[in-house]
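J.: show me the folded form of this:
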Amino acid sequence: MAEVLILNPADTVAVLTARAAAGADPLGLGAGLPAPLAAGHKIARVAMAPGDAVVKFGQIIGLATEAIAAGAHVHSHNCAFSDHDRAYAVGADLAQAEAAVPAMEPRSFMGYQRGDGRVGTRNMVALCATVNCSATVIRHAAQELIAEGALKDFPNVDGIAAFAHGTGCGMAATGRGADNLERVLWGTATHPNVGATIFVGLGCEVMQVARMQARFGDAGAERFHGLTIQEMGGTRVTIEKIKAEVRRLLPQVNAITRQPCPVSALTIGLQCGGSDGFSGITANPALGVASDMIVAQGGTVILSETPEIHGAEQLLLRRTTADVADKLTGCLAWWEDYSAQGGGSMDNNPSPGNKQGGITTILEKSLGAVAKAGSTPLRAYYDYAEQVTAKGLVYMDTPGYDPVSATGQIAGGAQLIVFTTGRGSAFGSKPAPTIKIATSDRLFAAMPEDMDLNAGDVLAGVTLAEKGAQIFEEILRVASGGVTKSEAQGLGDNEFLPWQVGAVM
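T.: Numbers count the residues shown, from 1 in each chain. As a prediction, the model looks like this:
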């Protein structure tokens with residue numbers, strides 16, 4: 001008999017923890033499965049009539065679209081997306097959330113102390129394109145410098161990264177799209193993981209460094225330099241100028257060394273991608289435990305991916321204040337309208353891979369996704385790529401698309417990304433590294449060069465508290481310079497993707 005999990009006494013479904021063969025009766029209800037069923041999928045605990053609520057995690061994840069017999073497979077063939085309870089009890093669990101912050105002795109990591117008081121987990125040279133026209137020159141300059149061994153005499157420099165993108169012109173100079181790109185570029189250029197930045201433009205584009213500097217001020221600006229292809233005299237000349245400027249800057253970037261820094265200086269971006277039926281059971285709630293530990297140390301964790309909290313927002317609203325709740329609900333309303341304008345709905349997410357892994361609706365996916373945020377109060381709300389200054393659990397509005405979401409979190413100040421995955425993800429990020437956590441033993445064994453940690457052993461009896469503590473220790477190891485699997489693979493250059501909103505003109 002395949003093992004099953006019942007996550008809440010109110011649940012009308014159970015979750016398979018192992019593949020069930022055709023004819024198997026996982027719940028012992030006298031109803032054999034007509035076909036094999038993969039782990040992570042759901043079995044009906046009770047008979048359901050059309051229109052009945054399907055309940056998992058103690059919450060509605062959809063409605064039955066046909067009669068479902070007890071013991072039958074419950075998935076997209078007989079369960080559909082539905083609206084969810086919007087009678088929000090804002091702040092109802094705030095006192096309980098305050099009490100959920102664990103007591104811990106202060107911990108530290110080895111970081112790079114910056115002059116503005118922030119702390120880096122990496123010490124990189126960033127080449128930032130203001131426009132797609134300068135993408136090639138920064139990429140070629142970075143590749144040539146690395147091939148020429150430019151870093152061999154500078155052990156305290158963790159890399160040279162080219163941050164290229166496909167916009168910066170042919171866009172409105174004001175509005176949400178311009179705001180997003182300006183915040184991303186400025187936040188990356190002045191990031192605590194960056195020791196020096198060279199902005200490179202074409203010269204005539206909409207996105208101008210001087211305008212960004214006028215908007216954001218001089219905070220961190222002492223670490224960046226700028227040039228344009230038009231002023232330099234063309235592509236090859238600009239590449240050589242970039243390389244010469246990087247070589248000039250390397251000694252001063254290398255002069256900084258790691259020193260003990262409090263965990264309160266850390267800001268962690270929380271991500272999940274390629275989710276499966278175990279994401280909300282193993283890796284996400286374990287990451288939630290680690291998130292609570294970061295908060296207990298005085299640090300910050302950023303929950304994002306707005307389309308992937310739809311249907312679970314009530315769990316966040318119950319532990320926040322009215323002003324934060326108003327911003328979050330307004331953001332969700334914007335997303336409903338935004339998706340409708342594109343001819344879609346919020347249930348266009350989950351993806352085909354999510355569904356193959358056992359996730360049926362966005363409501364189910366979201367309930368698992370918010371588990372990454374742990375149990376502490378939601379302290380603040382931020383727009384995409386806005387600088388995060390609050391401590392504790394905060395929310396940043398981003399798409400669910402991982403590269404765009406993580407780009408915003410990093411621009412907002414996240415020095416590390418922790419990324420859970422059930423189907424498997426080959427994701428990495430710069431200048432903030434990504435720690436990847438597998439939801440199952442199967443995935444951890446299948447992608448050993450991509451997964452940093454395995455949360456699949458939670459199904460075998462490892463407690464969420466134990467796994468959360470392991471994740472916390474991995475965060476400190478990587479923050480102190482430990483290399484992640486994605487860094488070892490060279491990932492991160494192509495995952496820089498600012499959120500483009502608005503007309504391309």
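J.: does residue 178 sit in a helix or strand, and which one?
T.: Assigned by DSSP states H and E, residue 178 belongs to helix 176-189.
J.: got the buried residues for that helix?
T.: By neighbour count on 16 or more other C-beta atoms under 10 Å, the buried set for helix 176-189 is 177-189. In this view, the C-beta of every residue, glycine as well, is placed from N, C-alpha and C.
J.: reformat those residues as JSON lines; add distance to residue 374.
T.: JSON lines is the format used below for those (distance: C-beta to C-beta, whole Å):
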{"residue": "177", "distance to residue 374": "33"}
{"residue": "178", "distance to residue 374": "34"}
{"residue": "179", "distance to residue 374": "30"}
{"residue": "180", "distance to residue 374": "28"}
{"residue": "181", "distance to residue 374": "31"}
{"residue": "182", "distance to residue 374": "32"}
{"residue": "183", "distance to residue 374": "26"}
{"residue": "184", "distance to residue 374": "27"}
{"residue": "185", "distance to residue 374": "31"}
{"residue": "186", "distance to residue 374": "30"}
{"residue": "187", "distance to residue 374": "25"}
{"residue": "188", "distance to residue 374": "27"}
{"residue": "189", "distance to residue 374": "31"}
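J.: now do the contacts for residue 199.
T.: 128, 130, 185, 189, 209, 224, 225, 226, 227 (C-beta atoms under 8 Å, 6 or more residues apart in numbering).
J.: mind putting these into CSV with distance to residue 478 and secondary structure?
T.: Shown next, in CSV, are the contacts of residue 199 (distance: C-beta to C-beta, whole Å; DSSP: H, G, I helix; E, B strand; the rest coil):
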residue, distance to residue 478, secondary structure
128, 24, strand
130, 30, coil
185, 25, helix
189, 23, helix
209, 31, helix
224, 25, strand
225, 29, strand
226, 31, strand
227, 33, strand
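J.: make a ChimeraX selection of whichever of those residues turn out to be buried.
T.: In ChimeraX, this line selects whichever of the contacts of residue 199 come out buried by 16+ other C-beta under 10 Å:
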select :128,130,185,189,209,224,225,226,227
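J.: pLDDT check: weakest of the contacts of residue 199?
T.: Within the set of these, pLDDT is lowest for residue 224 (77).
J.: how near is that residue to residue 111?
T.: Here the criterion is C-beta to C-beta, to the nearest Å. By it, residue 224 lies 20 Å from residue 111.
J.: so where's the chain uncertain?
T.: Residue ranges of the chain with pLDDT under 70: 1-2, 218-222, 348-349.
J.: biggest strand in it by residues?
T.: For the chain, the strand with the greatest residue count under DSSP state E is strand 194-201.
J.: that one: partners in the sheet, and parallel or antiparallel?
T.: strand 124-129 (parallel), strand 224-228 (parallel) (DSSP bridges).
J.: ok and it relative to helix 176-189, angle-wise?
T.: 140 degrees (axes from the mean of the first three to the mean of the last three C-alpha atoms, to 10 degrees).
J.: please save the CA atoms from strand 194-201 in CSV.
T.: Extracted as CSV, the C-alpha positions of strand 194-201 are listed here (Å, rounded to 0.1, in the frame of the first residue of the first chain):
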residue,chain,number,x,y,z
VAL,A,194,29.0,44.8,-5.5
GLY,A,195,32.4,46.4,-4.9
ALA,A,196,32.4,48.4,-8.1
THR,A,197,30.1,49.0,-11.0
ILE,A,198,30.6,50.3,-14.6
PHE,A,199,27.4,51.6,-16.2
VAL,A,200,27.6,51.3,-20.0
GLY,A,201,25.1,52.9,-22.4
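J.: returning to that earlier point: can you say which of the strands paired with strand 194-201 is nearest to residue 151?
T.: Shortest distance between residue 151 and those, using C-beta to C-beta, is found for strand 124-129: 8.9 Å.
J.: centre of the chain versus that closest one, how much separation?
T.: Averaged C-alpha coordinates place strand 124-129 at 21 Å from its chain's average position (C-alpha atoms, centre = their mean, to the nearest Å).
J.: next helix or strand past it?
T.: Next element after strand 124-129 (DSSP H and E): helix 135-147.
J.: can you list the domain ranges for the chain.
T.: Domain assignment for the chain, taken from automatic domain parsing, gives 1-80, 117-259, 261-488.
J.: just so I know, which of the ones you listed lies nearest residue 101?
T.: Using C-beta to C-beta, the domains of the chain put domain 261-488 closest to residue 101, at 5.1 Å.
J.: what about the closest one, start to end distance?
T.: 25 Å (C-alpha to C-alpha, to the nearest Å).
J.: doesn't residue 340 fall inside a helix?
T.: Yes: per DSSP: H, G, I helix; E, B strand; the rest coil, residue 340 lies within a helix segment.
J.: and the gap between it and residue 250?
T.: 50 Å.
J.: got the residue ranges for the strands in the stretch 1-150 of the chain?
T.: With DSSP state E, counting those that start in this stretch, the ranges of strands along the stretch 1-150 of the chain come out as 4-5, 13-16, 42-44, 53-56, 59-64, 73-74, 79-80, 108-113, 119-120, 124-129.
J.: dump those strands into JSON lines; add distance to residue 370 as well.
T.: Formatted as JSON lines, those follow (distance: least, C-beta to C-beta, whole Å):
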{"stretch": "strand 4-5", "distance to residue 370": "19"}
{"stretch": "strand 13-16", "distance to residue 370": "18"}
{"stretch": "strand 42-44", "distance to residue 370": "19"}
{"stretch": "strand 53-56", "distance to residue 370": "14"}
{"stretch": "strand 59-64", "distance to residue 370": "10"}
{"stretch": "strand 73-74", "distance to residue 370": "22"}
{"stretch": "strand 79-80", "distance to residue 370": "20"}
{"stretch": "strand 108-113", "distance to residue 370": "27"}
{"stretch": "strand 119-120", "distance to residue 370": "28"}
{"stretch": "strand 124-129", "distance to residue 370": "32"}
